[in-house]
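Asker: take this sequence and fold it.
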Amino acid sequence: MEKQNIDWSNIGFGYMKTGERFVANYKDGKWDDGVMTTDATVTISECAGVLQYAQTCFEGMKAYTTADGRIVVFRPDLNAQRMEDSCKRLEMPVFPKEKFVDAICKVVKANSVFVPPYGTGATLYIRPYMFGSSAVIGVKPAEEYQFRVFTTPVGPYFKGGAKPITIKVSDFDRAAPHGTGHIKAGLNYAMSLHAIVTAHQEGFDENMYLDAATRTKVEETGGANFLFVTKGNKVVTPKSNSILPSITRRSLMYVAEHYLGLEVEQREVYFDEVKDFAECGLCGTAAVISPVGKINDHGKEICFPSGMEEMGPVTKKLYETLTGIQMGKIEAPEGWIKEIK
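Answerer: Have a look, this model is predicted:
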């Protein structure tokens, strides 16, 4: 089949309906086999658990066209594991990991004409999600669930290269110490919306959330983990039980140590020490790394030596190495790349 006639470099980061999606239903204590369908609508009870009590979780990953023309997905087994953790925490039935990866492969294969060509900077974004579908009026878990996977092509997150962004220290808390910050629950994102809209109105690109208990330690932003580089080129990421374990961040730390020979450390990062780092970035599926040039702490600015013009040198090497692995230009560690055949 011919690739879709789309202006790949100008599609932006939004939803575009594609051909087929996967749907499976959980009823009477078990999952059905699931089907592929062209129907992009969801029909549920007005009293569905997801609508009343936000019982839903999701994942996000991408399919790429490699330099040699293969279609691949990056580490879907880790998304499957993280979704399992989310489901357990939200009292939802686990969708089996092998079936999860299989569903991803089926959906990407069915929508292969929507996978952007190599070199365009665009990718096929994959969204698996699950929600309580049966009626629930008392506060309790739903009895029936739906698991779905759809895809949408997305343009490069940064048009014309990644310019460093300016972020602010937020007055809001993202997650409670024993809450749901470590899972990919829809409710975490709902509560971050007011904070991000406020930040944008004030002229900032993102929020830096501090730990809710003491407000002295760096946690994450609304949708990405932090990554810092010391003046001695050590790569440091915050450790906390209330941040989402980013697959991109874990991959970058491996790349830093095993591909670039850098020292890496995951530890509690106190806000007081942020001013001493040489580089700062936000890492996640959408952008891989967004460089941070400035942090505004209630009017007081922390400016990183890497500046506001381009990514810092270590961040740039990390970005180029990981995207090189994803695009098939650099050999990947075993098991990282799932080819869609």
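Asker: surely Cys105 and Lys338 touch.
Answerer: Yes: contact criterion Cβ atoms under 8 Å: Cys105 and Lys338 qualify, at 7.1 Å. C-beta: built from backbone N, CA, C; applies to glycine.
Asker: what do the two both touch?
Answerer: Common contacts of Cys105 and Lys338, defined by Cβ atoms under 8 Å, 6 or more residues apart in numbering, comprise Val73.
Asker: which secondary structure element is home to Tyr189?
Answerer: According to DSSP states H and E, Tyr189 maps onto helix 186-201.
Asker: what segments of the stretch 201-341 of the chain are helices?
Answerer: Using DSSP state H, counting those that start in this stretch, the helices of the stretch 201-341 of the chain run over residues 247-258, 313-326.
Asker: can you tell me which of those is nearest to His178?
Answerer: Among the helices of the stretch 201-341 of the chain, helix 247-258 comes nearest to His178, with 22.0 Å by Cβ to Cβ.
Asker: so how many other residues sit close to the closest residue to Gly181 other than its chain neighbours?
Answerer: For Gly181, ignoring the flanking residues on the chain, the nearest one in space by Cβ to Cβ, 6 or more residues apart in numbering is Ala175 at 2.6 Å. Other residues lying near Ala175 total 24 when counted by other Cβ atoms under 10 Å.
Asker: and Ala175, how far from Glu273?
Answerer: To Glu273, Ala175 is 22 Å away according to Cβ to Cβ, to the nearest Å.
Asker: what do you get for Thr315?
Answerer: 18 Å.
Asker: returning to that earlier point: which helices and strands sit right next to the helix holding Tyr189?
Answerer: For helix 186-201, the packing partners by 3 or more Cβ pairs under 8 Å, 6 or more residues apart in numbering; DSSP states H and E come out as strand 56-58, strand 206-208.
Asker: can I get that helix in PDB? Just the C-alpha atoms.
Answerer: C-alpha atoms of helix 186-201 as PDB (Å, rounded to 0.1, in the frame of the first residue of the first chain):
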ATOM      1  CA  GLY A 186      -5.700   9.900  33.600                       C
ATOM      2  CA  LEU A 187      -6.500  11.700  36.900                       C
ATOM      3  CA  ASN A 188      -2.900  12.800  37.300                       C
ATOM      4  CA  TYR A 189      -3.100  14.700  34.000                       C
ATOM      5  CA  ALA A 190      -6.500  16.200  34.800                       C
ATOM      6  CA  MET A 191      -5.200  17.800  37.900                       C
ATOM      7  CA  SER A 192      -2.100  19.200  36.100                       C
ATOM      8  CA  LEU A 193      -4.200  21.100  33.500                       C
ATOM      9  CA  HIS A 194      -4.900  24.100  35.700                       C
ATOM     10  CA  ALA A 195      -1.200  24.400  36.600                       C
ATOM     11  CA  ILE A 196       0.000  24.200  33.000                       C
ATOM     12  CA  VAL A 197      -2.600  26.700  31.700                       C
ATOM     13  CA  THR A 198      -1.500  29.000  34.500                       C
ATOM     14  CA  ALA A 199       2.100  28.600  33.600                       C
ATOM     15  CA  HIS A 200       1.400  29.300  29.900                       C
ATOM     16  CA  GLN A 201      -0.600  32.500  30.800                       C
END
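Asker: lovely, talk soon.
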